[in-house]
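In: Return a 3D structure for these sequence lines:
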Amino acid sequence: MVAANDGAHLIVDDLIGTRRVVPQTASVTLGRASEFPIGVDDPSMHRAFLHFWCDHGMWMVRNVGSFISATIQPSYRTTKYSPVRLTPRTQWPLPAGVNSILFATRNLQYELEVTVARPVESIPRMDVPLAPFTMGTFDPNIEQQQVLAALAAPLHRDPSADPRIVVPSVKDLAGQLGWGEKKTSQKIQYIAETLKRLGVPQFQDGVNVPWRIVLAKFAAENPHLYA
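Out: I've put the predicted structure just below:
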């Protein structure tokens, strides 16, 4: 991966007619109620989702949402690198060249092109948008947070581990939490069904993996839900 450095501008293109050139002295936020609007008619889109700025000569992107993840991958016109999953509250340096950013809500799939045209420098700034809160967000209660944290713990200890091996069984999880197996199983099922209703792709019909495993991977990618 080749990161941008030495003074460049950023080009953001939603591929449906809106394109903006961001100079090295500025930043830009994308979202339903942000300066670069995306998904304005999609109530499941975050009001503020992706924030771009330049830090010490390098263009950065941060997922400032609380629910939706994005995948950043090289466009056919740019240097090759492995796709990167940008989960909520995480950030990543953008490589020089053309980058595709893919994400989805329960209603729509989106694709953007973000080009680091020449290497930059600036200070991040983000205004808080004024609009109704995003529909379809997940705000777990204390017991749900305990389930998420316990399921994700083995994957935090060893991100390369196979979830099917290291994620605790319902029986072991119940023992860790001091609950009965029935209560533990019901908690897992309820969280999974809630995320399914909210349109989270991993929890839709056709997934042939136990919810416990899917939920563990989701929790590991979204520690802000229980940290």
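In: the residue most distant from the middle of the chain, which is it?
Out: Note on the chain: the largest C-alpha distance from the chain mean falls to residue 180, namely 32.8 Å (C-alpha atoms, centre = their mean).
In: For the residue nearest the centre of the chain, which non-adjacent residue is spatially closest?
Out: The centroid of the chain falls nearest to residue 69 when counting by C-alpha atoms, centre = their mean (2.1 Å). Excluding its sequence neighbours, the residue lying closest to residue 69 (C-beta to C-beta, 6 or more residues apart in numbering) is residue 87, at 4.8 Å. No exception for glycine: its C-beta is placed from N, CA and C like everyone else's.
In: Looking at that neighbour now. What's its pLDDT?
Out: Looking at residue 87, its pLDDT stands at 92.
In: Contacts only, for it.
Out: 63, 69, 221-222 (C-beta atoms under 8 Å, 6 or more residues apart in numbering).
In: Now rank those residues by neighbours and give me the top one.
Out: Most neighbours among the contacts of residue 87, by other C-beta atoms under 10 Å: residue 63, with 23 neighbours.
In: wait, it sits on residue 69?
Out: Yes: Residue 63 is within contact range of residue 69, at 7.0 Å (criterion: C-beta atoms under 8 Å).
In: Around residue 116, count how many other residues there are.
Out: By other C-beta under 10 Å, neighbour count at residue 116 equals 26.
In: Repeat that for residue 37.
Out: So residue 37, with other C-beta under 10 Å, has 15 neighbours.
In: Backbone dihedrals for it, please?
Out: phi -80, psi 130 (degrees, to the nearest 10).
In: ok so, going back, now, the contacts of residue 87 that are in helices?
Out: Of these, the ones assigned to helices by DSSP state H are residue 221.
In: Tell me the one among the contacts of residue 87 nearest to residue 142.
Out: Distances from residue 142 to the contacts of residue 87, taken as C-beta to C-beta, are shortest for residue 222 (16.6 Å).
In: What residues sit buried inside stretch 197-207?
Out: For stretch 197-207, burial by neighbour count (16 or more other C-beta atoms under 10 Å) applies to 198-200, 202-203.
In: go on, stretch 140-160?
Out: For stretch 140-160, by 16+ other C-beta under 10 Å, it's 140, 144, 146-155.
In: Pull that stretch out as PDB, backbone CA atoms only.
Out: Coordinates of the C-alpha atoms in stretch 140-160 are reproduced here as PDB (Å, rounded to 0.1, in the frame of the first residue of the first chain):
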ATOM      1  CA  PRO A 140     -27.600  -3.000  23.900                       C
ATOM      2  CA  ASN A 141     -28.600  -3.100  27.600                       C
ATOM      3  CA  ILE A 142     -26.200  -4.200  30.300                       C
ATOM      4  CA  GLU A 143     -26.800  -7.900  30.000                       C
ATOM      5  CA  GLN A 144     -26.600  -7.800  26.200                       C
ATOM      6  CA  GLN A 145     -23.300  -5.900  26.600                       C
ATOM      7  CA  GLN A 146     -22.100  -8.700  28.800                       C
ATOM      8  CA  VAL A 147     -23.000 -11.300  26.200                       C
ATOM      9  CA  LEU A 148     -21.200  -9.400  23.400                       C
ATOM     10  CA  ALA A 149     -18.100  -8.800  25.500                       C
ATOM     11  CA  ALA A 150     -17.800 -12.500  26.500                       C
ATOM     12  CA  LEU A 151     -18.300 -13.800  23.000                       C
ATOM     13  CA  ALA A 152     -15.800 -11.400  21.500                       C
ATOM     14  CA  ALA A 153     -13.100 -11.800  24.200                       C
ATOM     15  CA  PRO A 154     -11.300 -14.800  22.600                       C
ATOM     16  CA  LEU A 155     -11.200 -13.000  19.200                       C
ATOM     17  CA  HIS A 156      -9.700  -9.900  20.900                       C
ATOM     18  CA  ARG A 157      -7.000 -12.100  22.500                       C
ATOM     19  CA  ASP A 158      -6.200 -13.800  19.200                       C
ATOM     20  CA  PRO A 159      -7.600 -12.100  16.100                       C
ATOM     21  CA  SER A 160      -6.300 -14.900  13.900                       C
END
